[in-house]
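Participant: one predicted model, sequence on top.
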Amino acid sequence: MTAPGTAPSTASTTADVVIVGGGIEGAATAWALARRGITDVVVCERATVGSGGTGKSSGVVRCHYGVSSLAAMAWKGLHLFENAEDILGEDIGFRRTGYVVGVGERNVGALHANLRAQRALGIETGEIPRDEVAGLWPAAELGDFAAFGWEPRGGYGDAHRTAQAFAAAARRDGVHIRQGTEVTALLTDPAGVCGVRLASGEEIASRSVVVAAGPWSVGLLAPLGVALPVSVHREQIVLISPGPGADVGKVPVFSDLVSLQYIRAESGGELLFGNSDLSTLETADPDRYANHADPGFLETAVEKIAHRLPGLPDAAVSSTYAGCYDVTPDFNPVIGPTGVDGLLVAAGFSGHGFKISPAVGDLVADLLLDGHSNDPAVHATDFRLTRFAEGSPLTSPHPYAGAGEMR
């Protein structure tokens, strides 16, 4: 028997690339590699495609980031979401509703600076007056906002359906998607990574391995001496029934940086409420956590919603659920080399992963095949693992006071 983390003497399977994790980032990477002609790829997913954190994503699509690389990646993602049926061959659930971000007086300068930087990247965004926001969100109380940003092409989508579409497109091109296939160890020899070991005992030999397993990436990398600074944070979601006669199906996504919440429509007519106050994280076990909102969170959510949406007097909580974020110290992902030759990681997306997933797949493919990003607007060094040890976190030059994690 081969010792954990060392090279196998034999292997039942070989591949040019092994991707550990069949969430949206792993599936997007598989599809990106296939488009570049690399189809001897095996995706190992311990359950089913999109069944982990991807399936709990709130699905907001926006390009409003202060970090230019993230904004550019979200812009690239938007173009794919808008044309998914032509590109991926199926509807992924994207709905273009527009995206509004509202700020208080102390954040007006940051809003203006971020909008300018985003427009410099070609993103369609700008300031919008209060009366126009009132027309878009007639039920909302807007008096405590000082300024608003507007992306007419923003909206929301379905991360699970998108991951499934990436996987299906990759499979049509010859990629092997292995569900119910848990990776228990990464294998190395003096030349670098050389494969993975599965829970079944099977080994897949490969000189290129991408770990895109969300919070489970930490445990896979640790035996190799790779310290991935990712913690797990439980995020709670509340679904609101707007009340009899209320039509909220076409309202834009609303990012409220005064009350620190975000609200978007659901395709079934409900409103989805999420928390934007990430100053205190609730650590969790991604395999065992409460899949519902706590009473204290629910009380806070109801208070915030009642303040923001007084025009929905008969609104009521219809259900709640929870998911987990894989969070880095700067709330931005790690995408790139690990220090072990041939071994890359794409994890720590901190809630941003859905909207940038098409660009993540392209970036990982670029790094694997060319060693650098081929998109001049996406700087691979921004997402390097070593930035934490260097004391150089990836932060916005124009952060929002009270909501800096929004980036």
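Facilitator: Looks like it arrived, so ask away.
Participant: can you check the pLDDT for T10?
Facilitator: For T10, the pLDDT comes out at 42.
Participant: also T280?
Facilitator: pLDDT for T280: 87.
Participant: ditto for the one 5 residues further on
Facilitator: In this prediction, D285 carries a pLDDT score of 96.
Participant: kindly report the same for L80.
Facilitator: 98.
Participant: how near is it to K56?
Facilitator: For L80, the distance to K56 equals 21 Å [Cβ to Cβ, to the nearest Å]. In short, each C-beta sits where N, CA and C put it, glycine included.
Participant: and these two? Which one has more around it.
Facilitator: L80 (22 against 19; other Cβ atoms under 10 Å).
Participant: tell me the spacing between the closest residue to that one other than its chain neighbours and V209.
Facilitator: Leaving aside its sequence neighbours, L80 sits nearest to P358 (Cβ to Cβ, 6 or more residues apart in numbering; 4.3 Å). P358 is 22 Å from V209, where distance means Cβ to Cβ.
Participant: pick out whichever of those two has more residues nearby.
Facilitator: Higher neighbour count among P358 and V209: V209, with 30 against 25, using other Cβ under 10 Å.
Participant: what sits against that one?
Facilitator: V17, V18, I19, V20, L186, V193, G195, V196, G342, L343, L344 (Cβ atoms under 8 Å, 6 or more residues apart in numbering).
Participant: which one of those sits in the busiest neighbourhood?
Facilitator: Of all those, I19 has the most neighbours under the rule other Cβ under 10 Å, reaching 33 neighbours.
Participant: surely it and W31 touch.
Facilitator: No. Using Cβ atoms under 8 Å, I19 is not in contact with W31; the gap is 10.6 Å.
Participant: show me where the stretch 151-300 of the chain dips below the pLDDT cut-off.
Facilitator: For the stretch 151-300 of the chain, no stretch is flagged by pLDDT under 70.
Participant: helices of that one, residue ranges please.
Facilitator: Assigned helices in the stretch 151-300 of the chain, in chain order: 159-172, 217-221, 295-308 (criterion: DSSP state H, counting those that start in this stretch).
Participant: mind giving me the packing neighbours of the longest helix anywhere in the chain?
Facilitator: Secondary structure of the chain per DSSP state H: the longest helix is helix 353-369. With contacts taken as 3 or more Cβ pairs under 8 Å, 6 or more residues apart in numbering; DSSP states H and E, helix 353-369 sits against helix 24-35, strand 60-61, helix 68-82, helix 159-172, strand 334-337, strand 343-347.
Participant: what would those look like in JSON lines with distance to A401?
Facilitator: Listed next are the helices and strands packed on helix 353-369 as JSON lines, based on distance: least, Cβ to Cβ, whole Å:
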{"stretch": "helix 24-35", "distance to A401": "30"}
{"stretch": "strand 60-61", "distance to A401": "21"}
{"stretch": "helix 68-82", "distance to A401": "19"}
{"stretch": "helix 159-172", "distance to A401": "29"}
{"stretch": "strand 334-337", "distance to A401": "26"}
{"stretch": "strand 343-347", "distance to A401": "28"}
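Participant: most tightly packed of these?
Facilitator: Of all the helices and strands packed on helix 353-369, helix 24-35 has the most neighbours on average by mean count of other Cβ atoms under 10 Å, namely a mean of 29.
Participant: state the mean pLDDT of the helix or strand that comes right after that one.
Facilitator: Downstream of helix 24-35, the next assigned helix or strand under DSSP states H and E is strand 41-45. The average pLDDT within strand 41-45 is 98.
Participant: can you check stretch 318-329 too?
Facilitator: Mean predicted confidence for stretch 318-329 is 96.
Participant: identify each buried residue in that stretch, please.
Facilitator: If you call a residue buried by 16 or more other Cβ atoms under 10 Å, then stretch 318-329 has these buried ones: T320, A322, G323, C324, Y325, D326, V327, T328.
Participant: include secondary structure and distance to D247 when you put these into a markdown table, please.
Facilitator: Shown next, in a markdown table, are the buried residues of stretch 318-329 (DSSP: H, G, I helix; E, B strand; the rest coil; distance: Cβ to Cβ, whole Å):
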| residue | secondary structure | distance to D247 |
| --- | --- | --- |
| T320 | strand | 23 |
| A322 | strand | 28 |
| G323 | strand | 28 |
| C324 | strand | 33 |
| Y325 | strand | 32 |
| D326 | strand | 36 |
| V327 | strand | 36 |
| T328 | coil | 40 |
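Participant: I'm done for today, thanks for sticking with me.
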